[in-house]
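**Q** output the structure for:
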Amino acid sequence: MKRLRGTVSLSIPFKIRRWRPKSLKAALICILLFSMSIYKLGDFILDQIAYPYNMYQGYPFSIYDHPYNIITNNTCTSNSKINMIVVIHSKVTNFVRRASIRRSWANQHLLSGYDMRVVFFLGMPYRHNDIQALVHQESLYYNDIIQGTFFDSYTNITHKAVLWMRWVKEYCSNALYILKLDDDVFVNVYSLYKNFLLNYKNTSMKMWCEIKSAGKQAISRLRGKKWRVASHELPGLKYYPLTLCRGYFVIMTQDSIGPMYEAAKQTPFFWIDDYYVFGILANITGVKHFSLLQFLSNEHEAFQCFKSKTRFCPLLGVLLESSNVMETLWLHAAVHANDFLV
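**A** Okay, the predicted model is just below:
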């Protein structure tokens, strides 16, 4: 056989031996360990790429200087007590939802009759100056917008939550109660006044909500889920270790806000506010949880409740599935209340 020009002939003085496991079981164990190592490495890399906020190890942004981009500071300026301030988490682009809320259960005529106020808490839009311009116009017209200096994202909701606690402490300390909502929640103001505000007097350090007891609420670890908690967050836990509230509808006493806000200054950030605010901070400050589950429902149950001819519908809050039923639900609630309360 001819040698190719320019090649070098090498002689190998030893034989290359194939690695052979002593048994099939040993081979399977090696493959399994190798696969687990690759999976763990991939999981770690994906956590850092898909969940960069998990790298943040500080405290909520809202405890530092200059936390407001837009501030409304005259909502609670009267010297007398007001029954309730309603603080609503709203995505910065949810102009339609905010307008629908203002036209329905949060219209000024209705709320002023029950001595209540409402404000919306927003973050900053990401690289959309036209959206920010619209927010400024909305704020000038309605005077009910408070905007933080952080980007508006569900991963920043704890920053937003601590911001409204700070704002209530600084500018609305004369409100007896605070109702925290998401902007996809309908409030039955008539029942809120009749069944809650008239019945709870001189209460202290309490919150009312849909409670998830300690060790009962599973921590989502599934990749791709919106509320997925990464493997290095709350490591080794399958369930949240503290009692918490689902944050879509929470009523709090005024005296709970200051201590919880001060506790946030010394409590490392966790991005899910249901656990951070209504779990960790509540536990640190001794705020007690009370259930409102029997007064909360979905929209289908709410429509049925407002059709009743025999009893006044006791529902306080309705978590909506559809984006276009807020005003329709309010009309039903208003007609129903007129039949029973007038």
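**Q** what ranges in the stretch 51-200 of the chain fall below the confidence cut-off?
**A** By pLDDT under 70, the weakly predicted segments of the stretch 51-200 of the chain are 51-55, 79.
**Q** what are the ranges of the strands in it?
**A** Assigned by DSSP state E, counting those that start in this stretch, the stretch 51-200 of the chain shows strands spanning 68-70, 82-89, 116-124, 145-151, 175-182, 185-187.
**Q** residue contacts, E327?
**A** Residues near E327 by CB atoms under 8 Å, 6 or more residues apart in numbering: 100, 103-104. (Each C-beta comes from the backbone N, C-alpha and C, glycine too.)
**Q** quick one, helices of this structure?
**A** For the chain, helices defined by DSSP state H occupy the ranges 24-50, 95-103, 108-113, 129-142, 157-171, 189-191, 254-264, 273-275, 282-285, 299-306, 326-341.
**Q** buried ones in the last one, by neighbour count?
**A** Looking back up the chat, that one is helix 326-341. Within helix 326-341, the residues that count as buried by 16 or more other CB atoms under 10 Å are 326, 329-330, 332-334, 336-337.
**Q** for N283, state which of these is nearest.
**A** M326 (33.7 Å; CB to CB).
**Q** can you add distance to G317 and mean neighbour count and give the strands of the stretch 51-200 of the chain back as CSV?
**A** Formatted as CSV, the strands of the stretch 51-200 of the chain follow (distance: least, CB to CB, whole Å; neighbours: other CB atoms under 10 Å):
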stretch, distance to G317, mean neighbour count
strand 68-70, 27, 17
strand 82-89, 11, 23
strand 116-124, 14, 23
strand 145-151, 21, 21
strand 175-182, 7, 22
strand 185-187, 5, 25
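**Q** which of these sits closest to L222?
**A** Among the strands of the stretch 51-200 of the chain, the nearest to L222 by CB to CB is strand 175-182 (22.3 Å).
**Q** which neighbours in the sheet does the closest one have, and how are they oriented?
**A** Here strand 175-182 is paired, per DSSP bridges, with strand 82-89 (parallel), strand 244-253 (antiparallel).
**Q** just to revisit the earlier point, mind giving me CSV with the helices of the chain and columns for distance to L122?
**A** Formatted as CSV, the helices of the chain follow (distance: least, CB to CB, whole Å):
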stretch, distance to L122
helix 24-50, 25
helix 95-103, 9
helix 108-113, 20
helix 129-142, 7
helix 157-171, 8
helix 189-191, 23
helix 254-264, 19
helix 273-275, 15
helix 282-285, 24
helix 299-306, 25
helix 326-341, 18
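**Q** the ones you listed: which one's closest to E210?
**A** E210 lies closest to helix 273-275 among the helices of the chain, at 10.0 Å (CB to CB).
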